[in-house]
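J.: generate a structure from the sequence data that follows.
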Amino acid sequence: MSEFCLLYLLLLLLMRSGDVETNPGPNTAESTVSEMEFLKLARNIPPSHYEDVGISLGIPYAQLQAILSEKLKNYKNALMDVFMKWNVMQQPPHSNKRQLLAEKLREIDLGGLSDRLLNGPPISNSTGGPSRLLESQTKPPSAESETKSLSPELVERCAKDFKFKYRSTLCKIRADPLKPSSLVGFEKLHTSLVLEKEDGIGKQTLDYDNFLDLKVNREFPTRIMVQGEAGAGKTTFCAKIAWDWIEGRHFSHFVWVLIVPLREFKQRTIGEIAKSYLDKSNPATVSQIIEYIRSNPDKVFIAFDGLDEVSGKILKTKSHQSQPTNQMQLQPSQPSVSSEACGSSSEIDDIGLGDILCSDQLASCPVLVTTRPWRAVEIRSDGDLMKLYTFIHVEGFNRENLSLYIHKYFPKNKEKANQLIQFISENDAIYENMAHYPIYVAMLCLMWKELDKQKLKEMKPLKTFSQIFKEMIAFLKEHYAQKKEKKVGSPAYLAYLKEIDELLGPIAKQALTGLLENTLIFNEYDFKICPKSKDTACRVGILSQEDRITTSMDIHKGTSHVQLPVFFPHKLFQEYMAGVHLASLYDTDRNEFNRLIEEVVMPRKAEFRYLLYFTVSQNKCTATHVVKSMLQGLSMDLWDIEKELPFIVDVAFESQDPDVAALVKDRVASEEIGLTISSGMTAHTVAGYAFIGPHVVKLCTERNCGPTMSLDVAETMCSIPSLKEVSLHKGAYHHCFFETLAKKGKESKVQTLKLVGVKYPTPASLHHLVEALCSMPKLTDLTLEMILTEVFYSTLKAKASSIQVQTLELDDVQCPTPASSHHLVEALCSMPNLTDLKLVMFLTEEFYSTLKAKASSIKVQTLKLIDYKCTPSASSHHLAEALCLMPNLTDLTLQINLNEEFYSALEAKASSIQVHMY
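T.: Reported below is the predicted structural model:
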């Protein structure tokens with residue numbers, strides 16, 4: 001009896017200490033989590049949430065880093081280790097581990113995984129225990145048929161909830177791009193953007209009001225890819241769609257419009273996303289939402305915003321279809337289940353975003369997706385998938401919309417608005433490179449509003465993206481510092497600026513870490529070791545922190561701490577700060593710098609274009625290293641060089657370092673490069689070529705050129721010694737092109753020049769053009785096919801004796817006045833080296849009579865005249881006599897309607913003609 005009492009007492013003590021449950025039961029109870037479920041969780045949790053998960057489960061930060069290091073930075077294996085450690089940790093008596101883990105996941109914004117862990121019916125795994133994690137895999141085949149369809153009233157209620165969501169969040173514009181709290185109504189600042197549609201040959205302007213009239217084989221396309229550079233207005237375009245649906249204008253024939261910002265919903269399926277938009281009292285379930293979309297694909301419009309802001313492959317391989325992936329945002333939401341295995345297809349599942357993008361699901365539902373251009377390559381490179389997509393380009397503001405936006409920004413100060421518009425127009429670099437993009441215009445408006453006149457003057461020399469961001473960051477820091485230290489330039493003020501710089505260091509590091517993992521939204525845990533840095537960055541304006549609960553947070557769960565999202569005002573700000581930190585690694589951790597450049601950034605250089613821009617702009621050493629690395633990867637094949645060189649030129653230009661430019665110039669010095677400035681080449685790239693001056697032998701332009709580009713083309717023509725041939729085709733040029741060419745033409749080494757359809761702004765431009773042509777010392781071959789005025793011909797007559805041209809072709813030009821014809825002939829006869837002349841134009845009697853009078857002084861040996869109109873008798877007579885008087889004429893071609901007067905006059909003078917070939 002005493003032994004029994006002792007045993008009972010021992011058990012009682014153990015139970016009170018928590019080491020023994022009163023009725024533990026088998027380890028397969030629903031309160032436990034199986035190892036298979038832990039494994040699936042580890043696969044589905046993004047690397048950026050690793051520390052959040054570990055700390056929320058009570059694992060110390062140092063131990064988390066040790067685990068990650070031990071697992072060689074394999075986040076899935078590290079997370080699995082974390083889960084196993086937590087699983088054996090002591091929990092409160094009678095605790096439900098499944099419920100505890102679900103609550104921890106929800107606390108760190110992994111609500112989707114939390115719901116799946118709790119709500120799915122258990123299934124057996126290989127160990128015999130239950131698993132709830134993948135609900136859609138475990139639902140019996142009859143579950144979908146048991147889902148009650150949404151009633152018409154509930155469909156309408158969902159639509160109202162969607163509209164309320166968009167009206168209160170998405171359809172608001174920041175008056176200050178750096179302050180989340182500066183939101184204003186959509187129409188107060190919204191300004192239309194320029195849209196262009198690819199048509200197989202080029203691009204055609206697309207009016208937004210006619211967007212829904214797009215037709216492919218007589219039907220509205222079901223997959224639309226909207227491309228735009230950073231800050232071009234892609235997100236605003238999606239907001240405009242939502243706004244017009246709310247207001248019953250465009251898109252009103254759709255019952256639902258679902259706008260999905262992908263950066264916020266990396267781990268959700270379309271049903272979960274739509275459900276998260278609904279009011280908490282709305283009884284519609286995910287299954288009902290999916291059933292409605294499947295049954296009514298023509299009544300739902302889906303827009304995914306920011307494909308470039310999520311990682312993972314869009315296209316699926318067979319291996320992807322047979323196993324889960326940690327890139328669940330783009331891959332199918334669940335592994336495929338064959339009909340043989342379960343007696344039914346997996347159509348009862350929720351729908352993954354990747355399935356929609358690949359048109360494997362909801363093929364007939366219209367879907368739009370926005371992205372930066374580099375991310376569209378995956379779809380463009382797949383022939384079958386590309387056929388499904390219609391490609392639209394967001395080009396940002398044109399001049400008219402730019403002016404409209406600025407006036408909206410300064411509604412009560414038209415003078416200030418007009419001054420900014422004038423400033424942008426006069427500052428060529430800003431207009432050509434930045435003023436088309438709303439993000440930059442918003443920044444310029446903010447600085448214009450706050451800066452004094454002296455600071456605004458200092459903005460005029462800006463040429464690169466890095467320079468404007470450097471100015472913007474400096475403006476923010478100085479603006480914040482002045483709140484504490486009023487005396488600008490004082491030792492205390494400068495010391496405080498230095499303190500701000502030091503505090504922003506960890507923010508730059510986090511920016512790079514997030515960028516490499518494609519994490520654009522952070523939480524407070526990401527800055528747990530530098531909370532002061534985060535707070536300072538938020539006050540300065542480099543970071544923003546929401547002061548509201550987002551839809552991904554469930555305030556009804558009663559969690560002990562709500563994590564508010566922290567983010568940069570725009571991805572470009574994160575890229576700039578990431579560039580600051582990456583450049584700093586060159587001095588502080590050279591091995592890590594080299595690893596990131598060679599193994600991460602360069603293989604994905606299109607994705608990290610702006611990161612490279614901002615990195616090389618920080619200092620000379622970094623720029624030199626990066627550009628050398630890019631040049632080392634350049635093949636010796638000329639075609640590859642011409643393909644890859646523009647990107648290298650862009651990066652080198654951002655450095656603004658002449659020694660870095662020399663590296664590029666020297667690397668291609670032995671190659672004969674042809675440069676074509678087409679409509680697809682940016683002003684930034686053209687400025688880069690002008691800055692570097694590489695070994696280009698042939699230059700061709702096929703586009704209009706604004707002030708900056710006009711200046712750059714002129715500088716290129718005059719400064720690159722290797723340039724021998726230039727063709728300018730059907731483009732309008734600013735007056736500075738002609739003016740610069742006239743001033744610097746004597747430095748040009750161009751030998752062949754062809755001007756076709758070139759447009760000029762003023763008569764003075766033609767005067768400068770003639771001066772340029774006559775000053776170019778190597779110019780021997782000249783073709784003009786453009787509208788010329790009397791100013792041109794009179795100036796040419798005055799300057800002809802100094803022109804070096806030997807071969808001249810005037811094609812489809814006119815002499816608008818008799819005096820013009822007279823001036824032209826005198827100019828031709830005064831050219832000392834002109835031996836080959838081709839005229840394809842309507843020639844007047846004034847021309848022929850003057851030619852007869854001056855023929856003896858012309859040096860032409862080869863003459864080709866093409867005049868398709870009937871030549872009057874007097875003109876024919878003058879022409880015949882002129883031909884016989886030309887002392888050096890040996891080769892003659894005439895394509896003219898000649899009459900009997902010509903032949904009789906020629907017969908009379910035939911003995912004096914020098915022609916050998918006719």
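J.: break the chain into its domains for me.
T.: For the chain, automatic domain parsing gives the domain ranges 2-133, 145-396, 619-779, 805-918.
J.: now mean pLDDT and mean neighbour count too, for the ones you listed, in CSV please.
T.: (C-beta placed from N, C-alpha, C; glycine too.) Listed next are the domains of the chain as CSV, based on pLDDT from 0 to 100; neighbours: other C-beta atoms under 10 Å:
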stretch, mean pLDDT, mean neighbour count
domain 2-133, 70, 16
domain 145-396, 77, 18
domain 619-779, 90, 19
domain 805-918, 88, 18
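J.: out of the ones you listed, nearest to P569?
T.: Among the domains of the chain, the nearest to P569 by C-beta to C-beta is domain 145-396 (4.9 Å).
J.: now the domains of the chain in TSV, with distance to A798?
T.: Written out in TSV, the entries for these read as follows (distance: least, C-beta to C-beta, whole Å):
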stretch	distance to A798
domain 2-133	71
domain 145-396	42
domain 619-779	8
domain 805-918	8
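J.: and the strands in the stretch 351-500 of the chain?
T.: Using DSSP state E, counting those that start in this stretch, the strands assigned to the stretch 351-500 of the chain run over residues 367-371, 389-396.
J.: neighbouring strands - and their directions - for the first one?
T.: Partners of strand 367-371 in the sheet, by DSSP bridges, are strand 223-227 (parallel), strand 300-305 (parallel).
J.: by how many degrees do that strand and strand 389-396 diverge?
T.: 50 degrees (axes from the mean of the first three to the mean of the last three C-alpha atoms, to 10 degrees).
J.: figure out how far strand 367-371 is from the centre of its chain.
T.: For strand 367-371, the gap between its own C-alpha mean and the chain's C-alpha mean amounts to 14 Å (C-alpha atoms, centre = their mean, to the nearest Å).
J.: show me the contacts for the closest residue to T222 other than its chain neighbours.
T.: If you skip the residues right next to it in sequence, T222 has P366 as its closest partner in space, 5.3 Å away by C-beta to C-beta, 6 or more residues apart in numbering. With contact taken as C-beta atoms under 8 Å, 6 or more residues apart in numbering, P366 is in contact with 220-224, 298, 300-302.
J.: turn the strands of the stretch 351-500 of the chain into TSV, including distance to S466.
T.: Shown next, in TSV, are the strands of the stretch 351-500 of the chain (distance: least, C-beta to C-beta, whole Å):
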stretch	distance to S466
strand 367-371	23
strand 389-396	19
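J.: need the strands paired with strand 367-371 in TSV with distance to F475, can you?
T.: Compiled in TSV, the strands paired with strand 367-371 are given as follows (distance: least, C-beta to C-beta, whole Å):
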stretch	distance to F475
strand 223-227	31
strand 300-305	28
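J.: out of those, which is closest to E790?
T.: Nearest to E790 among these is strand 223-227; the distance by C-beta to C-beta comes to 46.8 Å.
J.: just after that closest one, pick out the following helix or strand.
T.: Later in the chain than strand 223-227, the nearest helix or strand by DSSP states H and E is helix 234-246.
J.: just the CA trace of that following helix, in PDB.
T.: What follows is helix 234-246 as a C-alpha-only set of coordinates in PDB (Å, rounded to 0.1, in the frame of the first residue of the first chain):
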ATOM      1  CA  LYS A 234       1.200  51.000 -63.800                       C
ATOM      2  CA  THR A 235      -0.300  50.900 -60.300                       C
ATOM      3  CA  THR A 236      -2.200  54.100 -61.100                       C
ATOM      4  CA  PHE A 237      -3.500  52.500 -64.300                       C
ATOM      5  CA  CYS A 238      -5.000  49.600 -62.200                       C
ATOM      6  CA  ALA A 239      -6.500  52.100 -59.800                       C
ATOM      7  CA  LYS A 240      -8.100  53.900 -62.700                       C
ATOM      8  CA  ILE A 241      -9.800  50.600 -63.800                       C
ATOM      9  CA  ALA A 242     -11.100  50.100 -60.200                       C
ATOM     10  CA  TRP A 243     -12.300  53.800 -60.000                       C
ATOM     11  CA  ASP A 244     -14.200  53.600 -63.300                       C
ATOM     12  CA  TRP A 245     -15.900  50.400 -62.200                       C
ATOM     13  CA  ILE A 246     -16.900  52.000 -59.000                       C
END
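J.: strand 389-396 and that helix, what's the angle between them?
T.: 110 degrees.
J.: what about helix 234-246, distance to the chain center?
T.: The mean C-alpha position of helix 234-246 is separated from the chain mean by 19 Å, C-alpha atoms, centre = their mean.
J.: so what touches that helix?
T.: When contacts are defined by C-beta under 8 Å, 6+ apart, helix 234-246 is touched by residues 163, 166-167, 170-171, 173, 186-187, 190, 193, 208, 226, 228, 250-252, 254, 257, 259, 261, 301, 303, 305-306, 368, 370-371, 394, 438.
J.: by contact count, what packs against the next helix or strand after it?
T.: On the C-terminal side of helix 234-246, the nearest following helix or strand under DSSP H and E is strand 256-261. In this structure, strand 256-261 packs against helix 152-165, helix 234-246, helix 270-276, strand 300-305, with contacts taken as 3 or more C-beta pairs under 8 Å, 6 or more residues apart in numbering; DSSP states H and E.
J.: before we move on, back to that, right, and the domains of the chain - which one's nearest K487?
T.: Of all those, it is domain 145-396 that lies closest to K487, at 24.7 Å by C-beta to C-beta.
J.: one step back: looking at the strands of the stretch 351-500 of the chain, which is nearest to A508?
T.: Among the strands of the stretch 351-500 of the chain, if distance is taken as C-beta to C-beta, the winner is strand 367-371, at 25.6 Å.
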